[in-house]
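Trainee: Build me a structure from this.
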Amino acid sequence: MKPSPWTIPLRTLWVANLVAATGMFALVPFLTCFVQELGVTDAAARHRWAGWLVGSAPIMAALVGPLWGGIGDRFGRRAMVARALFGGAIFVGLMWWAESLWSMLGLRALQGCVAGFVPPALALASLLAPEERRAYLTGSIQSAVSAGAVLGYLLGGYVTEHGSLRIIFPICAGLLGLAGILVVALVPEVRTAPRPDARSSLAARIVDDYRYTLGIPALARFLAILVAVRLVGSMIDPHFVAFVEGLGGSRDLAGAILALEQGAILIAMPRFARASERFGYRRTFAAAALGLCALWFVQSRVQSAGALIAVRIASGLCLGGIAPVGYGLAARETSPERRGSAMGTVFQALAFAHAAGTLIGGAVVGAIGFRPVMLGVGASFGCLAALALRESRKDRALRSLPPPKEAPSWTAEGEDV
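Mentor: Purely as a prediction, here's the structure:
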C-alpha cells in the first residue's frame with residue numbers, strides 16, 4: 001500500500017525533534033558542572049552562575065519568539081525549524097572554546113535568540129497533517145521531545161561523569177545539525193494564506209494576541225497560577241546535579257533520575273488528560289499540585305540518592321497532571337481561528353516563568369541552601385492547589401446563575417475547567 005504524501009515528512013519531523021531534544025537535554029542540566037570547571041569554587045557563586053546560564057537562553061527565546069513568529073508567517077515554518085536547529089548548533093558548538101563564564105553566558109543568550117524549534121515544528125506538523133489526524137500527529141511531535149529528554153538526560157549524565165565535560169558541546173551541536181539536515185532534506189515547506197491582519201505591524205499583532213488571550217477570564221486567571229507553578233518549580237532545576245552529588249551520588253545517577261522522572265511524566269500525562277475531561281482541569285490540577293506539595297516536603301528531608309529516586313518518580317507522576325493544563329485550557333476556551341495565537345501566548349508566559357525561576361533560584365539556593373528552598377517550593381504548590389480549587393468553585397457558581405434575560409436560554413455543557 002502506497003504511503004500517504006504526509007507520512008515521510010511527519011515521521012522525519014518526529015525523528016528530528018527526538019534527535020534535537022536529546023542533544024539539548026544532554027546539555028542544560030549539566031551546566032552547573034561546567035561552572036565549577038571554569039574555576040568557581042564558592043558554592044553560592046556557583047549556584048548564581050548556574051541560574052544565569054540556564055535561564056539566559058529561555059528568556060531570550062521568549063523575548064524574540066514573537067519576532068520569529070512574524071517572520072515565519074512570511075517565509076514559512078520549515079525555514080523557522082531549520083533556523084532554530086542550525087542556529088542552535090552553531091552557538092552550542094562555539095561553547096567548546098569558551099574560556100570564561102561571561103563568554104559562555106553570551107553564547108547561551110545568542111543561542112536563545114535563535115532557539116525554539118518546537119513551536120514551529122508543531123505548526124509545520126499541523127499544516128502537513130490531514131485535518132482528521134491533526135491533533136494526534138501534532139501530539140506525537142510533542143511526545144518525541146519528551147522521549148528525547150529521557151535519552152538526553154541519560155546521555156548527558158554518562159558523558160559528564162565518564163568523559164570530558166566539554167565533549168558534550170560538540171555532541172549536542174552535532175545532534176542539532178543532524179536534525180536540521182533531516183528537516184531540510186525530507187520535509188517540504190507549506191505555504192498558507194496570510195493572516196487577516198497581516199498588513200498591521202508585528203507589534204500591533206502581538207498586542208492584539210495578548211489582549212485576546214488575557215481577555216478570557218477563565219484562561220487568564222488560571223494562566224497566572226500556571227506561571228507561578230512554572231516559576232517555583234524551576235528554582236531547583238539548574239542545581240539538581242549538585243544536589244545529587246551532595247547526597248553521594250554521581251552525575252550519571254543524576255541523569256538517570258531525571259530520565260526516570262521524565263518517563264513518569266510521559267506515563268501520567270494521558271491519564272491526567274482523561275481525568276481532566278471527567279473532573280475538570282482545575283480540580284485535576286489541584287490534586288496534582290497537592291501531591292507535589294507533599295513530595296517537595298519529603299524531598300527536603302531525603303538523606304540518600306536512593307530515596308531521592310522514589311520521590312522524583314512520584315513527582316513526575318504528579319507533574320503529568322500539570323504539564324498539559326495550560327494548552328488544554330487554551331484549546332478549550334478560544335475560538336479555532338485564534339487558537340494558535342493563544343497557545344503562543346501560553347508558551348511565552350511559561351518560558352518567561354521558567355527563566356525567572358532559574359535566575360531567582362540561583363540566588364536563593366546560593367544564599368540559604370537547597371532544603372529551605374525545597375520547603376518553600378512545597379508550600380507554594382499547596383497555596384496554588386488551594387487557588388485552583390477556589391477558581392473551580394467560582395466557575396461552578398457562575399455557571400449555576402440563570403442567563404441574562406436578553407440572551408437566549410442555554411446551559412454551559414461540560415465540567416468546570
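Trainee: List the contacts of residue 29.
Mentor: Residue 29 makes contact with 153, 156, 237-238, 240-241, 254-255, 258 under the criterion CB atoms under 8 Å, 6 or more residues apart in numbering. Where C-beta positions appear, they are placed from N, C-alpha and C, glycine not excepted.
Trainee: neighbour-wise, which of those residues leads?
Mentor: Neighbour counts for the contacts of residue 29, by other CB atoms under 10 Å, peak at residue 156, which reaches 31 neighbours.
Trainee: ok, residues contacting stretch 74-81?
Mentor: Stretch 74-81 is contacted by residues 13, 16, 68, 71-72, 117, 120-121, 123-124, 127, 180, 183-184, 187-191 when judged by CB under 8 Å, 6+ apart.
Trainee: I'd assumed residue 392 was in contact with residue 221.
Mentor: No: applying CB atoms under 8 Å, one finds residue 221 not in contact with residue 392, separated by 11.0 Å.
Trainee: what sits in contact with each of these two?
Mentor: Residues touching both residue 221 and residue 392 by CB under 8 Å, 6+ apart: none at all.
Trainee: of those two, who's got more company?
Mentor: Each of residue 221 and residue 392 has its neighbours counted (other CB under 10 Å); residue 392 has more, 22 against 17.
Trainee: Touching, that one and residue 279? I think so.
Mentor: No: counting by CB under 8 Å, residue 392 stays clear of residue 279, with 9.3 Å between them.
Trainee: So what's the residue count around residue 102?
Mentor: Residue 102 has 10 neighbours, counted by other CB under 10 Å.
Trainee: likewise the one 5 residues further on?
Mentor: By the other CB under 10 Å criterion, the neighbourhood of residue 107 contains 22 residues.
Trainee: can you check residue 121 too?
Mentor: So residue 121, with other CB under 10 Å, has 29 neighbours.
Trainee: mind checking pLDDT for it?
Mentor: Listed pLDDT for residue 121 reads 79.
Trainee: Any regions of the stretch 101-250 of the chain where pLDDT drops low?
Mentor: 129, 131-139, 191-203, 205-206 (pLDDT under 70).
Trainee: Would you map the helices across it?
Mentor: For the stretch 101-250 of the chain, the helices defined by DSSP state H, counting those that start in this stretch cover 101-114, 118-128, 134-162, 168-186, 202-214, 217-233, 240-246.
Trainee: Turn those helices into JSON lines, including distance to residue 51.
Mentor: Converted to JSON lines, the helices of the stretch 101-250 of the chain look like this (distance: least, CB to CB, whole Å):
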{"stretch": "helix 101-114", "distance to residue 51": "11"}
{"stretch": "helix 118-128", "distance to residue 51": "23"}
{"stretch": "helix 134-162", "distance to residue 51": "18"}
{"stretch": "helix 168-186", "distance to residue 51": "19"}
{"stretch": "helix 202-214", "distance to residue 51": "27"}
{"stretch": "helix 217-233", "distance to residue 51": "13"}
{"stretch": "helix 240-246", "distance to residue 51": "12"}
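Trainee: of the ones you listed, which approaches residue 44 most closely?
Mentor: helix 240-246 (11.8 Å; CB to CB).
Trainee: What helices and strands are in contact with the closest one?
Mentor: Applying 3 or more CB pairs under 8 Å, 6 or more residues apart in numbering; DSSP states H and E, one finds that helix 240-246 contacts helix 31-37, helix 43-75, helix 251-279.
Trainee: Only C-alpha atoms, please: export that helix in CSV.
Mentor: Output of helix 240-246 as CSV, limited to C-alpha atoms (Å, rounded to 0.1, in the frame of the first residue of the first chain):
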residue,chain,number,x,y,z
PHE,A,240,19.8,19.3,40.7
VAL,A,241,23.0,17.6,39.7
ALA,A,242,24.9,19.4,42.5
PHE,A,243,22.2,18.3,45.0
VAL,A,244,22.6,14.6,43.9
GLU,A,245,26.4,14.9,44.2
GLY,A,246,25.9,16.3,47.7
